[in-house]
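K.L.:
I would like to see how this sequence folds:
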Amino acid sequence: MFEQVSLDLGGRKLTLETGKMARQAHGAIVARYGDSVVLATACMDNKATEKDFLPLTVDYREYTYAAGKIPGGFFKREGRPSEREILTSRLTDRPLRPLFPEGWATETQIIAMVLSADSDNDPDVVAVTAASAALYISKIPFDNPIACVRVGMLEGRLVVNPTIAEQKTSQMNLIIAGSADAIVMVESGAFEVSEDTVADALEFGHAEIRKIVAAIRDLGSRVNPKKVTVKPPAFDESLYKDITQKYGERLRDAVDTQKHPKLESYGLVDEVKAEIMGSIDEKDLEKRKLAYRAFERLRERIFRDDMLVRRRRPDGRAFDQVRQITCEVGVLPRAHGSALFTRGETQALATTTLGTKEDKQRLDLLFEQDVFKRFMLHYNFPPFSVGEVKFLRGAGRREIGHGALAERALGNLLPSEADFPYAMRVVSDILESNGSSSMATVCGGSLAMMDAGVPLKSPCAGIAMGLVVENEKYAILTDIAGAEDHYGDMDFKVAGTRQGITALQMDIKVAGVSVAMMREALAQARKARLEILDIMEKTISNGRPEISAYAPHLHMLQIPTDKIRDLIGPGGKKIRSIVEATGVKIDVMDDGKVHVFASSGLAAENALKMIRDITATAEIGKTYLGTVVRIAEFGAFVEIFPGTDGLLHISEIAEARIRAVRDELKEGDQVLVKVLAIEGNKVRLSRKAVLRDQRDKQPKTEAAG
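P.N.:
Numbers count the residues shown, from 1 in each chain. Predicted structure coming up:
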């Protein structure tokens, strides 16, 4: 059954349709916005699992045919997901996951495929909306549809879904997902915008989201799917009361991290759990499962009661208090820049490496050709950071997401490429983790970049906020630790400078939060951010005036644009010979700027001399020491610098008339010559003019003597 709904969104039409493509999927939506088209499907497995969590898989793929391209490489087909595809998969997963009913443990899969991509409309937010609609019109028990929009700021004006070109000049790039009632996810990068501006953008975006959600509900009412019934997980209230009575106080003491450090606390909690499970017959699997659920509910209930009734955090801190912070820079002798940032039991070792144009990352984007990144931030989370034993694999989706968040926070503070033409890579290795290692990465990355001599516009810090809410009671928490993240209702990360916000990320586990709560959380986050910046700036507050001795030092030279070809040489032969001879790296710009990167001053001098020799241009009236390279009857050809010869006519060789050129010169002679004229590629030289000048000066010299 074909059904379609449409609405105006930002001056363009958004269309959602079903019943034409992918009809065997449990839910399928084709979403079109401009000429960007996304197919989103939702499917569930035929049988339920015994898992105590939601086994949801989300995959977003951008097929190159969508933009009229053929993939590069040997195999000519799409390979592993790109970083952008992984980030968009996370963007889709995060707002949808909390909205499934409790007890839903059936394998569920969402696949979003970009079928057509224009150069104006970014399909990422369209994919999130389409995935939500596909779930809503399917038999899968998903009853609260959401939508997703991007909010930009162009010349101080808020706009919904700015085009790809407008995003590059937008002061803010805010992605919001929400239901009709509340916001459920936020992802943002910005150029130091105020908290009030962000809150206004959230309200503006949520108003647009309500229109889309109304259209999705309209489509769902037409399809009228028969939803699968979900039984809430079995729970034994009498067993819960018994465990609470026997173990409640011990468990409350075990989770008190003011008394017990994190690992000790975890150990005490495990002891209580082991004692409970040990009191139940190993063969009674059903009762053991019920006991485990009761234990987990008790642990969560203790946490929430402490927050909302006793108004006390597990480690005894005030709700707006940041844990103890220490900062060090220059901790690694050979890294170009390094920093160790420690906040409570979270520690990030950040390093900065400076490189050249060759070190930029080339991006294979669907919409643009030959895009290069000069700043990269990579986040690593080794298992020892939380005292675990796991395989050390490549970066997973979580690591890529955390790295992208920190990269957005710092990337908007970079100096212009003209002022600082280095490629920059920051690596954050998390050495300890108990709460927001991504925000520790922002702080450590900022310190390491300044230690490397990067002239950031301002130091940048990040803080993770939390929320616990029940009915009318709520608590906003600053600098959340692991348990507060796990049992709380919101993880809200804010990064920025003293001037404003540069990155934002919010995920929630409840139906949503109001904009009023968001405003309060933003204000509390700003207070914490300024406190952290105060501490960081006592260690280092600006980029060092000199970069590391081990980093490639930059030397700049301007050459005529018509000499670029001479410098590069046929097939790059000439420039390669300079690099091989001196060991430097050379970047040549289209405007004639030449950047020479060298660790040794002598290597740089040699390379610069070779470049000047190759690209030098003759100047009329200037005297050069040249070498005779060929003799003819009418004169001699003199090389005044490598690759440039001039004609020294027989009449310009001497002041007196000569019968033959060879009477005065031979090949290999070095002679002083003056440039008389330049006619196209021909240079006319004179030795006679030099001799005359020398003779004219002679009496003055003698008189002075």
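K.L.:
who does the strand or helix carrying residue 410 touch, helix- and strand-wise?
P.N.:
Secondary structure from DSSP states H and E places residue 410 in helix 397-411. With contacts defined as 3 or more CB pairs under 8 Å, 6 or more residues apart in numbering; DSSP states H and E, helix 397-411 has these neighbours: helix 83-96, strand 183-193, strand 375-380, strand 423-432, helix 437-451, strand 490-496, strand 501-508. In this view, the C-beta of every residue, glycine as well, is placed from N, C-alpha and C.
K.L.:
With residue 406 as the reference, name the closest of those.
P.N.:
Ranking the helices and strands packed on helix 397-411 by their distance to residue 406 (criterion: CB to CB) puts helix 437-451 first, at 4.3 Å.
K.L.:
so after that closest one, what's the next helix or strand?
P.N.:
By DSSP H and E, the next helix or strand past helix 437-451 is strand 461-470.
K.L.:
thinking again about what came up before, what angle separates the helix holding residue 410 from strand 501-508?
P.N.:
150 degrees (axes from the mean of the first three to the mean of the last three CA atoms, to 10 degrees).
K.L.:
Report the rounded mean pLDDT for helix 397-411.
P.N.:
The average pLDDT within helix 397-411 is 95.
K.L.:
try stretch 483-502
P.N.:
For stretch 483-502, mean pLDDT is 91.
K.L.:
for stretch 357-366, same thing?
P.N.:
The average pLDDT for stretch 357-366 rounds to 86.
K.L.:
which residues are contacting that stretch?
P.N.:
62, 64, 66-67, 69, 72, 82, 84, 114, 117, 370-374, 376, 421, 423, 425, 585, 587, 595 (CB atoms under 8 Å, 6 or more residues apart in numbering).
K.L.:
7 Å - rerun?
P.N.:
With contact meaning CB atoms under 7 Å, 6 or more residues apart in numbering, stretch 357-366 is reached by 62, 64, 66-67, 72, 114, 117, 371-374, 376, 423, 585, 587.
K.L.:
Can you name the next helix or strand after the longest helix that the chain contains?
P.N.:
In terms of residue count, the longest helix belonging to the chain (DSSP state H) is helix 195-223. Under the assignment DSSP H and E, the closest C-terminal helix or strand after helix 195-223 is helix 237-254.
K.L.:
buried set for that following helix?
P.N.:
For helix 237-254, burial by neighbour count (16 or more other CB atoms under 10 Å) applies to 239, 240, 243, 244, 247, 251, 252, 254.
K.L.:
C-terminal to that helix, what's the next element?
P.N.:
According to DSSP H and E, the helix or strand after helix 237-254 is helix 262-278.
K.L.:
and the angle from the helix holding residue 410 to strand 183-193?
P.N.:
Using the same axes, to 10 degrees: helix 397-411 against strand 183-193 is 30 degrees.
K.L.:
Next, the buried residues of helix 397-411.
P.N.:
For helix 397-411, the neighbour count (16+ other CB under 10 Å) marks 399-411 as buried.
K.L.:
do the same with stretch 322-333
P.N.:
Within stretch 322-333, the residues that count as buried by 16+ other CB under 10 Å are 322, 323, 325, 327, 328, 329, 330.
K.L.:
by contact count, what packs against the lengthiest strand in the chain?
P.N.:
If you go by DSSP state E, the chain has its longest strand at strand 36-48. Strand 36-48 sits against strand 27-33, strand 106-116, helix 123-136, with contacts defined as 3 or more CB pairs under 7 Å, 6 or more residues apart in numbering; DSSP states H and E.
K.L.:
who touches that strand?
P.N.:
In contact with strand 36-48 (CB under 7 Å, 6+ apart) are residues 21-22, 25-31, 105-118, 121, 123, 126-127, 130-131, 134-135, 138, 140.
K.L.:
Where does the prediction get shaky in the stretch 251-400 of the chain?
P.N.:
Of all residues in the stretch 251-400 of the chain, none has pLDDT under 70.
K.L.:
Then the stretch 551-700 of the chain?
P.N.:
Looking at the stretch 551-700 of the chain by pLDDT under 70, you get 699-700.
K.L.:
Let's see that with 80 instead.
P.N.:
Scanning the stretch 551-700 of the chain for pLDDT under 80 picks out 600-601, 616-617, 642-643, 680-681, 696-700.
K.L.:
For stretch 143-158, buried residues please.
P.N.:
144, 145, 146, 147, 148, 149, 150, 151, 152, 153, 158.
K.L.:
among those, which are in strands?
P.N.:
Per DSSP E, those map to strands at 147, 148, 149, 150, 151, 152, 153, 158.
K.L.:
Just give me the closest of those to residue 697.
P.N.:
Nearest member of these to residue 697, counting by CB to CB, is residue 153, at 67.9 Å.
K.L.:
The closest one contacts residue 170, doesn't it?
P.N.:
Yes: counting by CB atoms under 7 Å, residue 170 is a contact partner of residue 153 at 5.7 Å.
K.L.:
who's in contact with the residue nearest to residue 217 when sequence neighbours are not counted?
P.N.:
Using CB to CB, 6 or more residues apart in numbering and skipping the chain neighbours, the partner closest in space to residue 217 is residue 145 (6.4 Å). Contacts here follow CB under 7 Å, 6+ apart; on that basis residue 145 touches 132, 133, 136, 179, 213, 216, 217.
K.L.:
correct me, but residue 624 touches residue 683?
P.N.:
No: with contacts counted by CB under 7 Å, residue 624 stays clear of residue 683, the gap being 9.8 Å.
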